[in-house]
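# would you be able to build a 3D model of this:
(chains A and B)
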Amino acid sequence: MQARLASRHAAERRFRLYGLFAIGVAVATLGGLLFSIVGKGYTAFVQTEILLDVYFDAAAVGDLEGLGDDERTAALRRVDYAGLLRDSLRAQFPEVEGRSAVRALTALVSAGARTTLREELVTDPDLLARRVPLWLTADDEVDMLMKGQVARDLPESERRLSDAQLAWVDALAAEGRIRTVFNRTFLTAGDSREPELAGIWGALVGTVLTLAVTLAVSFPMGVLAAVYLEEFAPRNRWTDLIEVNINNLAAVPSIVFGLLGLAVFLNVLNLPRSAPLVGGLTLALMTLPTIIIAARSAILSVPPSIREAARGVGASPLQVVAHHVLPLALPGILTGAIIGMARALGETAPLLMIGMVAFIVDVPASLTDAATALPVQVFLWADSPERGFVEKVSGAILVLLTFLLLMNAGAIVMRQKFEKRW
Amino acid sequence: MLLAASDGRPEVIVANSSTEDDKPKMKATAVDVYYGDTHAVKKVDLPIFVGDVTALIGPSGCGKSTLLRCFNRMNDSIAGCRVEGEITLEGRSIFDSEIDVVQLRARVGMVFQKPNPFPKSVYDNVAYGPRIHGIARKGPEMDAIVESSLERAGLWAEVKDRLQESGTALSGGQQQRLCIARAIAVDPEVILMDEPCSALDPIATAKIEELIYELRGRFAIAIVTHNMQQAARVSQWTAFFHLGELVEYGRTEDIFTNPVQERTRDYITGRYG
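Below is the predicted model:
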């Protein structure tokens, strides 16, 4: 008896240890994942800039006299800003001679700097014929160098920056002409081929639009289906068959839904390709079974005595559901919906099938504009050869995770609000 | 259709007999209830009179609750449940296609075994029925209905300062009285009570019994109970069921003092049950 008791206690201690070990592994994995992503990704949120004294040469602009506002703006937009930039850099480094050397020099500054110059001049034409100090976005190679993500001590042939370019960067740094600032572009721009100009905003808006469609379609449909199946449908072979099929549908690989979306929404209904509308509908198909299953179990957990009470005072079946069952089941339904939405948020495969994988620079403004989504953007960047996109990948994942956390937090707040009412 | 004092009634009404002069509020005639293959209620005739309490007694599984639930068609929603025979409310069949079950339940209210207030405020619990039936809108009219219903259920004094608290926060006995208030708020003609005290302590039970006694003047009340003292205390008519059959029906004092059937006597004296 005594020995048996001891072995039972030992078994219990072992069992607890296994549990602790499992939790430890889970926490360590999550921690390691977050640590690695944040460690790699935080640099995506800062950007290297170079201070240049830009001379807005009046000769390059030409004669503006006698032109109307619109014509003048058009003329200012036509200016050869690449030339202005080149001249400014050569003024900084007068010793540089020769076409290839000058090209190497101009490569230190991002191609986007031309746009910066143009916007400066168009908004303030008084800058003409003046020398203005401007902070300009550095090229991604310089950015990588300043962030310490490329090694200086590699042989020149294995580096993207030549020895001469390194020397120029060092010279600029020594003069205090290089700084690191918060990367507004990353949070406000669409995609770009240039890592320093690429932003997450386009994909974020695409994701928001897509998920809005998903929620608008799958939530009401899922809840209605669940209510009908639980509260109104007769129990027979047909409803059993439907139930089995819904459960199976929840386990179907997401790419299959992508194929369905491609076949039905694009080929049959001729909806626009790459659009959040189609992406949202496709993800809604995928999310629907999850929401139905969660809503059914939430409805099932409402005590039958409440239904009897409502029926007993003469509530119609619809009133029983609308006044009593649904409000009580709503927290559970919301939990299920948020699980489904979180899955939809991270889904890439179905979106690839309906063309949301395209390279899209413009931020989508409507449900039918071409767009991409956050996880697809991660996929696209991870596929890009430039070194500068590595940190963007982690940065995009951080944005994705933040979005997910916000969504879940919103769901928790809503759930508590509804629970408090009862 | 309020009947005069029960003095004028015959001393004993045996099952399958009816009286011409006393029109019952509700009347079951040759009712059979089946759950799938189980024959739960067998050819039962039972009247329910206004101004009186009719007690349905009998051992567990004898079909008394099933029969009670037929009176407002609560069995409709149970899969596999089939009701045959006739039940009338003021002479009209409640299975008539012109009778809406929603309306029927407004006229025939129900109180359940376990107190089941809605997880809403005390006020909303009582106001729910009048609201869905359009008896009263929001405001003073509804306030008056809520107050008088709670008053009649003997709960007003206890809850008048906590009308906005959740109904589920009340004690068990208070919850059951709240359920009774909810049932009478729509001013039904019949109230069915399915073992209303079985989940309550003796003090709460006493209060409910007192309440039933007071309410009987206005309503026709049918109560299912396991507690024979309770049946003896609150009812004027008693129906004894066994194995789905109505064994004996009559005035309560006769059933308890001078039962005709041997099975009734055995049950009442505690031989089985």
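
# quick check: residue B:146 touching residue B:160?
No. Applying Cβ atoms under 8 Å, one finds residue B:146 not in contact with residue B:160, separated by 10.0 Å. C-beta coordinates here come from the backbone N, C-alpha and C atoms, glycine included.

# what sits against residue A:43?
A:147, A:149, A:391, A:395 (Cβ atoms under 8 Å, 6 or more residues apart in numbering or on different chains).

# I'd say the last one and residue A:186 touch.
Yes. Residue A:395 is within contact range of residue A:186, at 6.4 Å (criterion: Cβ under 8 Å).

# so which of the contacts of residue A:43 wins on neighbours?
Neighbour counts for the contacts of residue A:43 peak at residue A:395, which has 27 neighbours (criterion: other Cβ atoms under 10 Å in any protein chain shown).

# which residues touch that one?
Neighbours of residue A:395 in contact, by Cβ under 8 Å, 6+ apart: A:41-45, A:186, A:200.

# let's see that with 6 Å instead.
Counting by Cβ atoms under 6 Å, 6 or more residues apart in numbering or on different chains, residue A:395 makes contact with A:41, A:44.

# for it, what are phi and psi?
Residue A:395 adopts backbone torsions of phi -60, psi -40, taken as degrees, to the nearest 10.

# the residue of the stretch 151-300 of chain A found nearest chain B and residue B:40: what is the separation?
Nearest to chain B in the stretch 151-300 of chain A, going by Cβ to the nearest Cβ, is residue A:235, at a distance of 5.7 Å. Taking Cβ to Cβ, to the nearest Å as the measure, residue A:235 falls 20 Å from residue B:40.

# who has more neighbours, those two?
Taking other Cβ under 10 Å, residue A:235 and residue B:40 do not tie; residue B:40 has more neighbours (22 against 11).

# I'd assumed residue B:67 was in contact with that one.
No. When contacts are counted by Cβ atoms under 6 Å, residue B:40 is not listed as touching residue B:67 (8.5 Å).

# where do the strands sit along chain A?
A:46-55, A:131-137, A:178-182 (DSSP state E).

# how far does the second one sit from the chain's center?
When distances are taken as Cα atoms, centre = their mean, to the nearest Å, strand A:131-137 is centred 31 Å away from the chain's centroid.

# same question, the last one
The gap between the average C-alpha position of strand A:178-182 and the chain average comes to 24 Å, counting by Cα atoms, centre = their mean.

# got the buried residues for it?
With burial defined by 16 or more other Cβ atoms under 10 Å in any protein chain shown, the residues of strand A:178-182 counted as buried are residue A:178.

# what's the helix or strand hosting residue B:267 in contact with?
Element membership of residue B:267, judged by DSSP states H and E, is helix B:262-268. Here helix B:262-268 makes contact (Cβ under 6 Å, 6+ apart) with B:240, B:242, B:247-248, B:259, B:273.

# nearest to chain B among the contacts of residue A:43?
Scanning these for proximity to chain B, where the rule is Cβ to the nearest Cβ, the winner is residue A:395, at 46.1 Å.

# now do the strands in the stretch 1-150 of chain B.
B:26-35, B:38-48, B:53-57, B:81-89, B:92-93, B:108-111 (DSSP state E, counting those that start in this stretch).

# name the residues of the second one that are buried.
Going back to what we said before, that points to strand B:38-48. Buried-residue list, strand B:38-48, by 16+ other Cβ under 10 Å: B:40-48.

# who's in contact with it?
With contact meaning Cβ under 6 Å, 6+ apart, strand B:38-48 is reached by B:15-16, B:24-31, B:33, B:54, B:63, B:66-67, B:220, B:222, B:239, B:244-246.

# just the buried subset of those residues, please.
B:15, B:24-29, B:31, B:33, B:54, B:63, B:66-67, B:220, B:222, B:239, B:244-246.

# mind jotting down where the strands sit in the stretch 151-273 of chain B?
B:190-194, B:220-224, B:237-242, B:245-251.

# report the angle between the second one and strand B:237-242.
Relative orientation of strand B:220-224 and strand B:237-242, computed by axes from the mean of the first three to the mean of the last three Cα atoms, to 10 degrees: 30 degrees.

# same question for the longest one.
Compare the direction of strand B:245-251 with that of strand B:237-242 by the same axes, to 10 degrees and you get 160 degrees.

# partners of strand B:245-251, with directions?
Partners of strand B:245-251 in the sheet, by DSSP bridges, are strand B:237-242 (antiparallel).

# for stretch A:369-387, what is the average pLDDT?
Mean pLDDT, stretch A:369-387: 89.

# kindly report the same for stretch A:64-76.
The model assigns stretch A:64-76 a mean pLDDT of 78.

# same check, this time on stretch A:269-282
For stretch A:269-282, mean pLDDT is 91.

# now do it: everything it contacts.
Contacts for stretch A:269-282 (Cβ under 6 Å, 6+ apart): A:206, A:209-210, A:213-214, A:257, A:261, A:265, A:350-351, A:354-356, A:358, A:367-368, A:370-371.

# what are the buried residues along the one helix or strand in chain A whose mean pLDDT sits lowest?
Every helix and strand in chain A was compared by mean pLDDT, DSSP states H and E; the lowest is helix A:58-61, with a mean of 76. Buried residues in helix A:58-61, counted by 16+ other Cβ under 10 Å: residue A:61.

# for the chain, which spans come out with low pLDDT?
No chain specified, so I'll use chain A. A:420-422 (pLDDT under 70).

# wait, chain B
In the predicted model, chain B carries pLDDT under 70 at residues B:1-22, B:272-273.

# chain neighbours aside, what residue packs nearest to the residue nearest to the spatial centre of it?
Geometric centre of chain B, nearest residue: residue B:192, 1.8 Å, by Cα atoms, centre = their mean. Spatial nearest neighbour of residue B:192, excluding adjacent residues (Cβ to Cβ, 6 or more residues apart in numbering or on different chains): residue B:110 at 4.7 Å.
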